[in-house]
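1. Pasting the sequence and the predicted coordinates here, then a few questions.
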Amino acid sequence: MKYENMIEVRDLSATIDGKKILSGVSFTARRGDITVVIGGSGAGKTTVLRHLLGLYPLTNGYISVLGKDISSITEKEQNKLYLQTGVFFQNGALLNSMTVGENVALPLVQHTDLPESLIREIVLMKLGLVNLEDSFNLYPSQLSGGMLKRAALSRAIVMDPPLLFCDEPGSGLDPLSMESLDYLIMNLKNRLGMTIVMITHEIHTILRLADKIVFLHRGNSLFEGSVEDALSSENKDIKDFFSVVNKRKQSPLQNNSPESNL
Ligand SMILES: Nc1ncnc2c1ncn2[C@@H]1O[C@H](COP(=O)(O)OP(=O)(O)OP(=O)(O)O)[C@@H](O)[C@H]1O
Ligand SMILES: [Mg+2]
């Protein structure tokens, strides 16, 4: 793989149902980085992610994912990209009728010809990465909110995607569970070299994880750069965003083993 930017977005504009949603969004996500997309509610963050996933037709601008211009890829290449991309969305619930193990195995069952015994081994390993190996035979209704999030994360990475998209992964979690989830996501970057594009409103998550910030405002990317530069930006909209999220600040970080708290 020659490309350094796993994602490149240039001048992305989008009108959905007659409404202008995005107007000139540009940014890149570098290989091995965690790129955090921030901005107020309705700024267009999820819409950008949906474009990256090919869920909306690209009518204006340029998007490349894993070095491929998505406007000119074949259906076969699109399917391959889909398999190389893990998706961890806020409401990406597990299927209640299946055990955790079966849920996590689902992408492997659907998209590979691997024997059952190997699938089981891979699933156990992926559940182990999120400290849920003991939940293999449990049903989603038997898990806590934080455990459900971790199970969904392990399903998102079961195919070993080089790229992971997260849309507000920690929403609904208490600060300690959120810290643990951040820690797991950090591990995916550090241990597996995953490139991650994440949307979050959580200031602690931003500070802990972001290699780069992309700030969206009313469908426009106003800023792309380091956390430090974002925090010291003189732009009024960026300052307003940080002053609002700072007001929602939670209790200070804990030093005791975060992984055990989810
Ligand atoms: N399918 C759709 N049809 C019409 N309008 C849409 C659609 N999806 C999103 N929008 C509109 O696009 C704008 C951006 O929505 P989007 O979901 O991308 O915001 P967001 O930045 O993810 O916000 P939040 O932080 O609340 O999740 C909103 O005004 C929303 O109402
Ligand atoms: Mg959203």
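-> Yep, it's here. Ligands and ions are numbered 1, 2, ... in the order given.

2. what about the closest residue to Ser221 other than its chain neighbours, which SS state?
-> What sits nearest to Ser221 in space, not counting adjacent residues and going by CB to CB, 6 or more residues apart in numbering, is Val25, at 4.6 Å. No exception for glycine: its C-beta is placed from N, CA and C like everyone else's. Following DSSP: H, G, I helix; E, B strand; the rest coil, Val25 is assigned to strand.

3. tell me the pLDDT at Val25?
-> Looking at Val25, its pLDDT is 98.

4. quick one, helices of the stretch 1-150 of the chain?
-> 45-52, 75-83, 100-111, 116-129, 145-156 (DSSP state H, counting those that start in this stretch).

5. Would you mind identifying the next helix or strand past the helix or strand hosting Glu179?
-> Using DSSP states H and E, Glu179 maps to helix 175-192. For helix 175-192, the following helix or strand on the C-terminal side (DSSP H and E) is strand 195-199.

6. is ligand 1 contacted by that following strand?
-> No: applying CB under 6 Å from any ligand atom, one finds strand 195-199 out of contact with ligand 1, separated by at least 6.6 Å.

7. what's the average pLDDT for that strand?
-> Within the predicted structure, the mean pLDDT of strand 195-199 is 98.

8. which outside residues touch it?
-> With contact meaning CB atoms under 8 Å, 6 or more residues apart in numbering, strand 195-199 is reached by 6-7, 29-38, 45-46, 49, 52, 162-169, 185, 188-189, 205, 209.

9. counting contacts, what elements does the next helix or strand after that strand pack onto?
-> Remark: after strand 195-199, the chain's next helix or strand is helix 203-209, criterion DSSP H and E. Helices and strands touching helix 203-209, by 3 or more CB pairs under 8 Å, 6 or more residues apart in numbering; DSSP states H and E, are strand 34-38, helix 175-192, strand 195-199, helix 236-247.

10. circling back to that earlier point, now, which of the contacts of strand 195-199 lie close to ligand 1?
-> The subset of those lying close to ligand 1, counting by CB under 6 Å from any ligand atom, consists of 45-46.

11. Pull the CA coordinates from stretch 158-178 and hand them back as CSV.
-> Extracted in CSV, the C-alpha atoms of stretch 158-178 (Å, rounded to 0.1, in the frame of the first residue of the first chain):
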residue,chain,number,x,y,z
VAL,A,158,-13.7,-9.1,13.6
MET,A,159,-12.7,-8.9,9.9
ASP,A,160,-9.4,-7.2,10.8
PRO,A,161,-10.3,-4.0,9.0
PRO,A,162,-7.4,-1.6,8.4
LEU,A,163,-9.9,1.3,8.8
LEU,A,164,-12.5,1.8,11.6
PHE,A,165,-15.2,4.4,11.7
CYS,A,166,-16.8,5.3,15.0
ASP,A,167,-19.8,7.5,15.5
GLU,A,168,-20.1,8.7,19.1
PRO,A,169,-18.9,5.3,20.5
GLY,A,170,-19.1,6.3,24.1
SER,A,171,-22.5,7.9,24.1
GLY,A,172,-24.6,6.8,27.1
LEU,A,173,-21.7,5.5,29.1
ASP,A,174,-20.5,6.7,32.4
PRO,A,175,-17.1,8.5,32.5
LEU,A,176,-15.2,5.5,33.7
SER,A,177,-16.7,3.1,31.1
MET,A,178,-16.0,5.8,28.5
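
12. how far is that stretch from where the chain is centred?
-> 6 Å (CA atoms, centre = their mean, to the nearest Å).

13. swap in stretch 146-154?
-> Centroid displacement of stretch 146-154 relative to its chain, using CA atoms, centre = their mean, is 13 Å.

14. Give me the residues contacting it.
-> The contact list for stretch 146-154, computed with CB under 8 Å, 6+ apart, reads 88, 92-94, 100, 103-104, 123, 126-127, 129-132, 135, 140, 143, 169-170, 173-174, 177, 180-181, 184-185, 261-262.
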